[in-house]
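*Asks:* model this:
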Amino acid sequence: MDQNQAKKAVAEAALAYLVPGEILGVGTGSTVNYFIDALASRKADVAGAVSSSEASSARLKAIGIPVLDANSAGPLSIYVDGADETDPHLRLIKGGGAALTREKIVAEAARTFVCIVDESKLVPVLGQFPLPVEVIPMARSLVARKLAALGGEPRWREGVVTDNGNVILDVHGLRIVDPVGLEATINQIPGVVTVGLFARRKADVLLIGGPQGVRRLGGD
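*Replies:* All right, here's what the predicted structure looks like:
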């Protein structure tokens, strides 16, 4: 099973968590694209979706699933999204696609967060993948200095503007042994919109695709 097959397998496995007749949240990225494709066969069960990015919204609409505003949708049954990195405790780094703020909003609104990844994303300690931080443009240099003081090496993701009109700093060189604490610390820096650590609101279920098929962490 190659990486794309693994992504397709976990995406299809996530359909088991679909709650017929309820609104779900849908994330962003290549693995999620497979999930949206798989949703086409179950769209009669989907009352609507709240999406974390313009790209996913367009893909959902293309298969005939209504995309709803988060403010009018209310609580969501599930949120299905990928991750750039996950540890065995279901804490995540997200934001490689620059949709981290909307992803956090949708994750917070969902009863169950189902994270779908291939096994290359599973690491013992978070930080090998650069940590994305969404920042208000005027605060970019200030926030970069604060992040450097925390021991990281922030780099501006030049040419990238988020769906919210902000910029991304990717923090390299971190070994994140206290994800919840670091998430809180970075979120307190003035000018930070949010950090791509999903530790306080981590995944409830982690589906991992690999050569032996799909295995699950959490969800007990």
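
*Asks:* and stretch 184-192, what's buried?
*Replies:* 185, 186, 189, 191, 192 (16 or more other CB atoms under 10 Å). Placement of C-beta: from N, CA and C, glycine included.

*Asks:* isn't there a helix covering the second one?
*Replies:* Yes - for residue 186, which was evaluated using DSSP: H, G, I helix; E, B strand; the rest coil, the result is membership in a helix.

*Asks:* ok, the closest residue to it other than its chain neighbours to residue 209 distance?
*Replies:* Using CB to CB, 6 or more residues apart in numbering and skipping residues adjacent in sequence, the residue nearest residue 186 is residue 195, 4.2 Å away. Distance, residue 195 to residue 209, by CB to CB, to the nearest Å: 27 Å.

*Asks:* just flag the most distant two among the buried residues of stretch 184-192.
*Replies:* 185 and 191 (14.0 Å; CB to CB).

*Asks:* from the contact counts, what lies against whichever strand or helix holds residue 105?
*Replies:* Element membership for residue 105 (DSSP states H and E) is helix 100-109. Packing partners of helix 100-109 (3 or more CB pairs under 8 Å, 6 or more residues apart in numbering; DSSP states H and E): strand 23-26, strand 48-51, helix 70-73, strand 76-81, strand 131-135, strand 192-195, strand 197-198.

*Asks:* between these, which gets the lowest average pLDDT?
*Replies:* Lowest mean pLDDT within these: helix 70-73, at a mean of 93.

*Asks:* and it, how far out from the chain middle?
*Replies:* 19 Å (CA atoms, centre = their mean, to the nearest Å).

*Asks:* please name the nearest non-neighbouring residue to residue 46.
*Replies:* residue 65 (5.3 Å).

*Asks:* what about the protein, any weak spots by pLDDT?
*Replies:* 1, 220 (pLDDT under 70).

*Asks:* the nearest residue to residue 130 once chain neighbours are set aside and residue 21, how far apart?
*Replies:* Leaving out its chain neighbours, the residue that sits closest to residue 130 by CB to CB, 6+ apart is residue 170, at 3.9 Å. The gap separating residue 170 from residue 21 is 40 Å, by CB to CB.

*Asks:* same deal with residue 131?
*Replies:* 38 Å.

*Asks:* and those two? Which one has more around it.
*Replies:* Using other CB atoms under 10 Å as the criterion, residue 131 and residue 21 rank with residue 131 on top: 29 against 10.
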